[in-house]
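In: Here is a sequence together with a model predicted from it:
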2 protein chains.
Amino acid sequence: MRTQPAVECSIQRTLDLIGDRWTLLILRDLFRGVRRFSRIQEDLGIAKNLLTDRLGTLVDADIVEKVPYQDRPVRHEYRLTEKGRALSPSLLALMRWGDRYVSGGLAPTELVHDECGTRLELQPWCTTCNVPVAPTDISSRPGPGRHIGTEETRV
Amino acid sequence: MRTQPAVECSIQRTLDLIGDRWTLLILRDLFRGVRRFSRIQEDLGIAKNLLTDRLGTLVDADIVEKVPYQDRPVRHEYRLTEKGRALSPSLLALMRWGDRYVSGGLAPTELVHDECGTRLELQPWCTTCNVPVAPTDISSRPGPGRHIGTEETRV
DNA sequence: ATGAGTCAGTTTCGATTTTCAACCAACTAC
DNA sequence: GTAGTTGGTTGAAAATCGAAACTGACTCAT
């Protein structure tokens, strides 16, 4: 969307790709199984030219792929790639925040653990210690993908 | 931002509030400790009138608060409220996705577990079973905040 | 084989947003 | 008094968006 020399932040890089008003909603629909142009269009109320544009961007970015579901006439549907499915935690996090702070704690839809039916939380997880990590136990440091002037950083 | 009758989805409700091109970047700056109008403005390169507008929206939504840091002249800085800080997992999730899929696995900044220095992952977590939950073990169901026609839903 | 319908777009154009630059107000420091 | 800083506001040009009309490829019913 924008063309900046190479931003030193993965959040910004990500938002440059999918951070506009519609794209995350389109992705939500794809996660929900709404995969066809016209279905997405009527579900979101997005203008068709914009939907064309956004889906094109997502396909170019390899987040979504266009697969034919019939010949004669050839019709396609849009499916998440592995890269696209990897956005699941991001959407889940936004959803849980909205449940708590916008929907007043009353989730319109709940995501639960299959085995026990408990509603899921999303937590930072340490793969070494195998424990959830509280925000107070998180530090940041410059990583191998170059670094920015380090400040008090707590995300 | 938009005024829709009462959308039945926490993702959409959330994105209506913070899902524009700049707001999440502003919040990222606040998490990083960049809290003053002029600092944010130059860091992001956002137009000042838009920054005024977006900060106002965030303050109205109680995501950010404006606190004076000096008198004479009174100057304010913008701080995350508890509601704002609760967006941390969302930003973290977007960051981790960007690390992997946009920055080619080379994180510009790493968030690590204080105690052991391991880079953090963000995982759905079952508070009952006390285990991380894989995407395949997640189901969805209508919650108390009203419900939408249920489809194959996997977020 | 004509006519209506569906799906996935493209085109056009007026309305809205964003950007960019200039200006302003309050105060400090010199 | 002059310059500088911070946190804005204002207005005009440029970019983007939204709504509706139009297209093309095909099906199905008559």
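Out: Cool, the structure landed. Numbering: from 1, shown residues only, chains lettered A, B, ... in the order given.
In: Return the alpha-carbon coordinates of stretch A:127-134 using CSV.
Out: The C-alpha coordinates for stretch A:127-134 follow below in CSV (Å, rounded to 0.1, in the frame of the first residue of the first chain):
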residue,chain,number,x,y,z
THR,A,127,8.3,-22.3,24.8
THR,A,128,11.4,-23.0,26.9
CYS,A,129,9.8,-22.7,30.4
ASN,A,130,6.5,-23.9,29.0
VAL,A,131,4.5,-21.4,31.0
PRO,A,132,2.3,-18.4,30.1
VAL,A,133,4.1,-15.1,30.6
ALA,A,134,2.6,-12.0,32.2
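In: For that stretch, buried residues please.
Out: A:131-133 (16 or more other C-beta atoms under 10 Å in any protein chain shown). Every C-beta, even on glycine, is put in place using the N, C-alpha and C of the backbone.
In: ok, whichever residue of chain A sits closest to DNA strand D - how many residues close by?
Out: Nearest to DNA strand D, among the residues of chain A, is A:P73, at 3.4 Å (C-beta to the nearest atom of the strand). For A:P73, the count of nearby residues is 5 (other C-beta atoms under 10 Å in any protein chain shown).
In: could you say which helix or strand contains it?
Out: Using DSSP states H and E, A:P73 sits within no helix or strand.
In: can you pull the pLDDT of it?
Out: Looking at A:P73, its pLDDT reads 85.
In: Run through the neighbouring helices and strands of the one helix or strand A:V112 maps to.
Out: When elements are assigned from DSSP H and E, A:V112 belongs to strand A:109-113. Counting contacts by 3 or more C-beta pairs under 8 Å, 6 or more residues apart in numbering or on different chains; DSSP states H and E, strand A:109-113 packs against helix A:88-101, strand A:120-126, strand B:138-142.
In: sorry, back to before: so which of the buried residues of stretch A:127-134 would count as near DNA strand D as well?
Out: Applying C-beta under 7 Å from any atom of the strand to the buried residues of stretch A:127-134, one finds that nothing falls near DNA strand D.
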